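[1] Structure, please.
(one chain, ligands or ions: 2)
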Amino acid sequence: MHVVVNAATSADGKLSSRRREQIAISGEEDFARVDRLRADSDAVVVGVGTVVADDPRLTVKDESLCEDRLERGAPEQPARVVIDSKGRTPTDAAVLSDAAPTYVCLSEAAPVDTRMDLADHAELVTAGDDRVDLLRAFAALQEQGLERIMVEGGGELIFSLFEVGLVDELRLFVGSTIIGGRDAPTLADGTGFVEEFPLLELERVERLDDGALLQWTVKS
Ligand SMILES: NC(=O)C1=CN([C@@H]2O[C@H](COP(=O)(O)OP(=O)(O)OC[C@H]3O[C@@H](n4cnc5c(N)ncnc54)[C@H](O)[C@@H]3O)[C@@H](O)[C@H]2O)C=CC1
Ligand SMILES: Nc1nc(O)c(N)c(N[C@@H]2O[C@H](COP(=O)(O)O)[C@@H](O)[C@H]2O)n1
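    Ligands and ions are numbered 1, 2, ... in the order given. Below is the predicted model:
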């Protein structure tokens, strides 16, 4: 399995404002790059915080990229995955549409009625007691043939993936704006590291739109 984290931050490292509403930090060129990365992936993963805040579709938008996928024998769309300890994904969320298959990864703490409602719209994976055990959940996704994984956020999930050592690559678009705010989400939130900080190796820097794309691999 190969896990790429992709996100866009303001110049001061924020994913969004303190209101946690979706903000278009990327421009046209970067959104097109994101679409290509989705098209190259078997699954696109987000945390439920992102589903609640943004209601994303997580589909490949460019029809020619979907056709390319079909030509190489892949499903028209990558699968979508929501990491959702307690089953907070609304049943009318765009990520549960029939545009692509969706997996919702739950913990044992998700109530039974919530599970039953979600099971009508998605494949359910259960791993972990109070929070999703990411190592077990990603192993279950791999058993379904999902090898090339793209994670789009948000900050809580990205931190946890670095914490358990699941991230292979980080692709970050840094836009030319300042969002600010101590309560605004950053690229890696959670409890934060105080030692054994994950180390990255810079592979690529490219000017895109009015910002920069930075691409790192994670040192093992
Ligand atoms: N600019 C960008 O590229 C992106 C921005 N965003 C922004 O990020 C914000 C949402 O991010 P967050 O609030 O951090 O939510 P998140 O999307 O990271 O989801 C966190 C939630 O996932 C669930 N979860 C289950 N198991 C977990 C585990 N082991 N580790 C971590 N989380 C686990 C928990 O319910 C937790 O509250 C929104 O404001 C959204 O707009 C989100 C994606 C991309
Ligand atoms: N790459 C990127 N740049 C930004 O500026 C963004 N705000 C985001 N947000 C992510 O994109 C998702 C939207 O997906 P759909 O267009 O609805 O398919 C959103 O949920 C974030 O994950 N990303």
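
[2] Near ligand 1, which residues of this structure? Just list them.
    Taking CB under 6 Å from any ligand atom as the criterion, the neighbours of ligand 1 within the chain are 7-8, 15-16, 20, 22, 25, 46-50, 53-54, 83-85, 131-132, 134, 152-157, 160, 185, 189. All C-beta atoms are positioned from the backbone trio N, CA, C, and that covers glycine.

[3] List buried members of the residues you listed by neighbour count.
    Judged by neighbour count, with 16 or more other CB atoms under 10 Å as the criterion, the buried members of the residues of the chain next to ligand 1 are 7-8, 15-16, 20, 25, 46-50, 53-54, 83-85, 132, 134, 152-157, 160, 185, 189.

[4] Can you flag which of those residues belong to strands?
    Ala7, Ala8, Val46, Gly47, Ile83, Glu152, Gly153 (DSSP state E).

[5] that older thread, near ligand 2, from the buried ones among the residues of the chain next to ligand 1?
    Ala8, Ile25, Val46, Thr50, Asp54, Glu152, Gly153.

[6] And stretch 187-201, how far out from the chain middle?
    Going by CA atoms, centre = their mean, to the nearest Å, the spacing between the C-alpha centre of stretch 187-201 and its chain's C-alpha centre is 17 Å.

[7] Not counting it itself, show me its contacts.
    7, 9, 13, 15, 154-156, 158-160, 162-163, 165, 167, 170, 172, 216-219 (CB atoms under 8 Å, 6 or more residues apart in numbering).

[8] Those in helices, which ones?
    Secondary structure assignment (DSSP state H) places Gly155, Glu156, Ile158, Phe159, Ser160, Phe162, Glu163 from the contacts of stretch 187-201 within helices.

[9] Let's have those in a markdown table, adding distance to Met116 and pLDDT.
    Formatted as a markdown table, the entries for those read as follows, by distance: CB to CB, whole Å; pLDDT from 0 to 100:
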| residue | distance to Met116 | pLDDT |
| --- | --- | --- |
| Gly155 | 30 | 98 |
| Glu156 | 26 | 98 |
| Ile158 | 30 | 98 |
| Phe159 | 31 | 98 |
| Ser160 | 27 | 98 |
| Phe162 | 33 | 98 |
| Glu163 | 31 | 98 |
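
[10] quick one: contacts of stretch 68-79?
    By CB under 8 Å, 6+ apart, the list of residues contacting stretch 68-79 reads 38-39, 41-44, 58-60, 66, 99-103, 144, 146, 150.

[11] Generate a PyMOL selection restricted to the buried subset of those.
    Isolation of the buried members of the contacts of stretch 68-79 (16+ other CB under 10 Å) is achieved in PyMOL through the command below:
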select buried, resi 38+39+41+42+43+44+58+59+60+66+100+101+102+103+146+150
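
[12] Can you list which of the contacts of stretch 68-79 are found in strands?
    Using DSSP E, the members of those that fall within strands are Ala43, Val44, Thr102, Tyr103, Met150.
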